[in-house]
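J.: below are the sequence and a predicted model for it; my questions follow.
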Amino acid sequence: MDKHSPKDKFRRKAISVAEAQAKILPLVGRTEAEYVPLYEAQGRILAEQITAPHPYPHFRRSGMDGFAILSSDTADCSADHPVLLEVVDEIACGALPRVPLAPGKVARIMTGAKVPDEADAVVMFEMTETVTQHGKVFIRLIREIEKGKNITNVGLELAAGDPILAPGRNIGPGEISVLATFGVHRVPVMKRPRIAIFSTGSELLSIEEPLQDGRIRNSNTYMLASQIKEAGGEPYILEAIKDDLVTAQRRVQEAFDEYDMLVTTGGVSVGDFDIMADLVSDGDLEMLFNKVMMRPGSVTTAAVMDGKLLFALSGNPGACFVGFELFVRPAIGGMLGVPQPFLTEITAELGRPYRKINSFTRYVRGRLEVREGKLFAYPAELDESNVMITIKDSDGLIVIPPSTEGREPGELVTVLRLPGCLL
Ligand SMILES: Nc1nc2c(c(=O)[nH]1)N[C@H]1C(S)=C(S)[C@@H](COP(=O)(O)OP(=O)(O)OC[C@H]3O[C@@H](n4cnc5c(N)ncnc54)[C@H](O)[C@@H]3O)O[C@H]1N2
Ligand code: MOO
C-alpha cells in the first residue's frame, strides 16, 4: 500500500503528548514586531526589552501635603519646647521651589511636589499649628521629625538603565502603567499570528440556520476562534472543507499561502468521509503525528508545510478543545515568544472519585475550588470527548495518567490551569 492510500489512516502510531509537543515546538517560527499605540497594547506580547530611560521618580517628591523642613530645626523639640518655623514658600504639584530654605525656614508643599534641595523631611499639615506673628506665617511643631520623613528619593523604584519589562511579557494594567510612566507611547509588540480555521463535515449548519434533524450547528469553529484570540492569535474563519480530497488540498495550499497557521476540526478519524486523515499523508504536507496517547483527542493530528503548521483537531467538541489547549496554544505562544507557552501545571486534591480507566492519559475537564486554604479539583460528570456543555465550567484539565484502577478523593492530581481560571 503506498502512502497515498486512504487506508493509511487505520495504521497510526500513537505517541505521548510530550513527544507530540516536542515535535511541534522546533518548527514554530516567530512573528515580526509591530508598533501599536499604548492604549491598544493591552493583551499583546511585548517584542523588545524595555529599559528605564531615566530614574523613577526623577525628582525628590513629597509624599504628603505639609511643610518641607530641615529636620535639624526640630532637634530636641517637644510639647514643652515647641519650635516656630517661618513659612517662606509654597510649592504646588508640578511647580518648582522658588525660595532656598535656610535654618528656621520651611516651604508649604503639596503631595507629589518637588522637595526643595535644602529640605530633608516633610511634616504633614496635621502635625503643625499655624501661627501668624507681625504679618509673617509660622508653623509650630511640638515633635522631632526624623530625617527623610515623607520624602521619596530619586530612583526609589528604578534607576536609569534598569531593565523593566522583558520581551515575551503579556501586557496588562501594570505593564501599561510602567510604559506610560516612561513615555513609551508606541509599544513594540509581536504581530498576532494569522490563523485560518476550517471545519469539515456535511452535518454542520451555520449558526444562523434553523435546526434540522440529523444536523448540528458548527460550534467548534467559534470555540476555536475564541481560543485563538485568547492565545494571542488572529482567527480567520474560512468556508468549510468539503469531502473532495483534491479540492481540500487546493484550499489548504491556498490557506498556507495566506495565513501563518491552519487549524481544522473534524474529519480526522477513520470514517468514510474523514478527509483530513488522507490529506495530511498526501501531497506536500509532512505529517508530524496522527495519534496521541491522550483522551479526549487521541486522533489529534499535526503536519507541516514550508515551515507552517497545520493542526487537524477532532470534531468532537471536548477533544477539539483539549487538542487546541495542548498543542495549538503552545505553538501560538511560541510564535509570540512567550517564555512558557504551555498551560501551567498545578497540584490539587481530587474532590470526588474518578473511576474511569484508560490506557491513554486522560485530560479531564474539571472545576477548581479552594476550601480551608486547600485546592480541590472536581472532574466534570460529563467528560466524554463528544460532550460540549462542561467546557464552559472548566478551570483546568485534570491529568489522569493511564491506570487500571480509579482515583479516590484526596489523591493528589496534576491540573493544567486553563487561561480563564480565576484561581
Ligand atoms: N472506528 C473508529 N471510529 C472512531 C474512532 C476510531 O478510532 N475508530 N475515533 C473516535 C474518536 S476518539 C474521536 S475523537 C472521533 C473523531 O472524529 P473526527 O475528528 O473525525 O470528527 P468527525 O467524525 O468529523 O466528528 C465527530 C463528532 O463531532 C461533531 N463535529 C464535527 N465538527 C464539528 C463542529 N465544527 N462543531 C461541532 N461539532 C462538530 C460531529 O458532528 C460528530 O458528532 O472519532 C471517533 N470515531
Ligand atoms: O480522539 Mo477521541 O480520544 O474520543 O477524542
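T.: Cool, the structure landed. Ligands and ions are numbered 1, 2, ... in the order given.
J.: now stretch 156-168: buried residues?
T.: Applying a neighbour-count criterion of 16 or more other CB atoms under 10 Å, one finds Leu158, Ile164, Leu165, Pro167, Gly168 buried in stretch 156-168. To be clear about C-beta, it is placed using only N, CA and C from the backbone, and glycine gets the same treatment.
J.: so what's His134 scoring on pLDDT?
T.: Looking at His134, its pLDDT stands at 95.
J.: what is the burial count for it?
T.: Per other CB atoms under 10 Å, the neighbour tally for His134 reads 5.
J.: how close does it sit to Glu86?
T.: Applying CB to CB, to the nearest Å, one obtains 11 Å for the distance of His134 from Glu86.
J.: in the stretch 51-200 of the chain, what residue is nearest ligand 2?
T.: Across the stretch 51-200 of the chain, the shortest distance to ligand 2 (CB to the nearest ligand atom) belongs to Thr200, at 14.8 Å.
J.: so how many other residues sit close to that residue?
T.: Counted with other CB under 10 Å, residues neighbouring Thr200 total 24.
J.: and it, its phi and psi?
T.: The phi/psi pair for Thr200 (degrees, to the nearest 10) reads phi -130, psi 160.
J.: would you check that it makes contact with Ser314?
T.: No. Counting by CB atoms under 8 Å, Thr200 stays clear of Ser314, with 10.9 Å between them.
J.: hey, what's in contact with both of the two?
T.: With contacts defined as CB atoms under 8 Å, 6 or more residues apart in numbering, the residues adjacent to both Thr200 and Ser314 are Thr265, Gly266.
J.: and Glu239, which of the three is it?
T.: Reduced to three states with DSSP: H, G, I helix; E, B strand; the rest coil, the structure at Glu239 is coil.
J.: near it, how many other residues are there?
T.: By the criterion of other CB under 10 Å, Glu239 has 8 neighbours.
J.: what of the one 10 residues further on?
T.: Per other CB under 10 Å, the neighbour tally for Gln249 reads 18.
J.: read off the pLDDT value for it.
T.: pLDDT, read off for Gln249, is 91.
J.: interface residues of the protein facing ligand 2?
T.: Arg295, Pro296, Gly297, Ser298, Val299, Ser314, Asn316, Ala319, Ser385 (CB under 6 Å from any ligand atom).
J.: do you know how far the first one is from ligand 1?
T.: In other words, Arg295. From Arg295 across to ligand 1, the span is 7 Å (CB to the nearest ligand atom, to the nearest Å).
J.: can you tell me the closest non-neighbouring residue to Ile216?
T.: In this structure, Ile216 finds its nearest non-sequential neighbour in Glu203, 6.0 Å apart by CB to CB, 6 or more residues apart in numbering.
J.: just the pLDDT at Ser5, thanks.
T.: Spelled out, the predicted local distance difference test score at Ser5 is 49.
J.: quick one, strands of the stretch 251-400 of the chain?
T.: Counting by DSSP state E, counting those that start in this stretch, the segments of the stretch 251-400 of the chain that form strands are 261-265, 286-289, 294-295, 301-305, 308-313, 345-350, 361-371, 374-379, 396-400.
J.: now find how far off-centre the last one is within its chain.
T.: Relative to the mean C-alpha coordinate of its chain, strand 396-400 is positioned 20 Å out (CA atoms, centre = their mean, to the nearest Å).
J.: lowest-confidence helix or strand of the protein?
T.: Scoring the helices and strands of the chain by mean pLDDT, DSSP states H and E places helix 275-279 at the bottom, with a mean of 88.
J.: right, is that helix up against ligand 1?
T.: No. Legend: contact between helix 275-279 and ligand 1 by CB under 6 Å from any ligand atom is lacking; minimum distance shown is 7.1 Å.
J.: got a list of contacts for that helix?
T.: 6, 8-9, 200, 241, 243-245, 248-249, 252, 264, 266-270, 285, 290, 299, 301, 312.
J.: quick one: buried ones out of those residues?
T.: Buried positions within the contacts of helix 275-279, assessed by neighbour count (16+ other CB under 10 Å), are 6, 8-9, 200, 241, 245, 248-249, 252, 264, 266-269, 285, 290, 299, 301, 312.
J.: which residues touch the residue of the stretch 51-200 of the chain closest to ligand 2?
T.: Thr200 sits next to Ala240, Ile241, Lys242, Asp243, Thr264, Thr265, Gly266, Gly267, Ile275, Met276, Gly315 when contact means CB under 8 Å, 6+ apart.
J.: is it true that Phe273 touches Gly267?
T.: Yes. Under the criterion of CB under 8 Å, Phe273 makes contact with Gly267 at 6.6 Å.
J.: give me the common contacts of these two.
T.: Listed contacts common to Phe273 and Gly267 are Gly201; contacts here mean CB under 8 Å, 6+ apart.
J.: and the helices in the stretch 1-150 of the chain, which stretches?
T.: Under the criterion DSSP state H, counting those that start in this stretch, helices of the stretch 1-150 of the chain are mapped to 17-24.
J.: quick one: the strands in it?
T.: The residue ranges that make up the strands of the stretch 1-150 of the chain, judged by DSSP E, counting those that start in this stretch, are 33-37, 50-51, 61-62, 66-69, 83-91, 105-109, 121-124, 129-133, 136-141.
J.: how about the residues of the protein by ligand 1?
T.: Contact residues of the chain with respect to ligand 1, defined by CB under 6 Å from any ligand atom, are listed as 199-201, 203-204, 216, 218-221, 265-271, 274, 296, 298-299, 314-317, 319, 385-386.
J.: just the buried ones out of those, please.
T.: 199-201, 204, 218-221, 265-269, 274, 296, 298-299, 314-317, 319, 385.
J.: looking at those residues, which are in helices?
T.: Among these, DSSP state H puts Ser219, Asn220, Thr221, Pro317, Ala319 in helices.
J.: wait, what's in contact with the last one?
T.: What that stands for is Ala319. Contact partners of Ala319, counting by CB under 8 Å, 6+ apart, are Pro296, Gly297, Ser298, Val299, Thr300, Leu313, Ser385, Asn386.
J.: if you set the cut-off to 10 Å instead, what comes out?
T.: Going by CB atoms under 10 Å, 6 or more residues apart in numbering, Ala319 touches 220, 265, 268-269, 294-300, 313, 363, 384-387.
J.: grab the nearest non-local neighbour of it.
T.: By the measure of CB to CB, 6+ apart, the closest residue to Ala319 outside its immediate chain neighbours is Pro296, 3.6 Å from it.
J.: make a markdown table out of the residues of the chain next to ligand 2 and add pLDDT.
T.: Listed next are those as a markdown table, based on pLDDT from 0 to 100:
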| residue | pLDDT |
| --- | --- |
| Arg295 | 96 |
| Pro296 | 96 |
| Gly297 | 96 |
| Ser298 | 96 |
| Val299 | 95 |
| Ser314 | 96 |
| Asn316 | 97 |
| Ala319 | 97 |
| Ser385 | 93 |
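J.: good, wrapping up.
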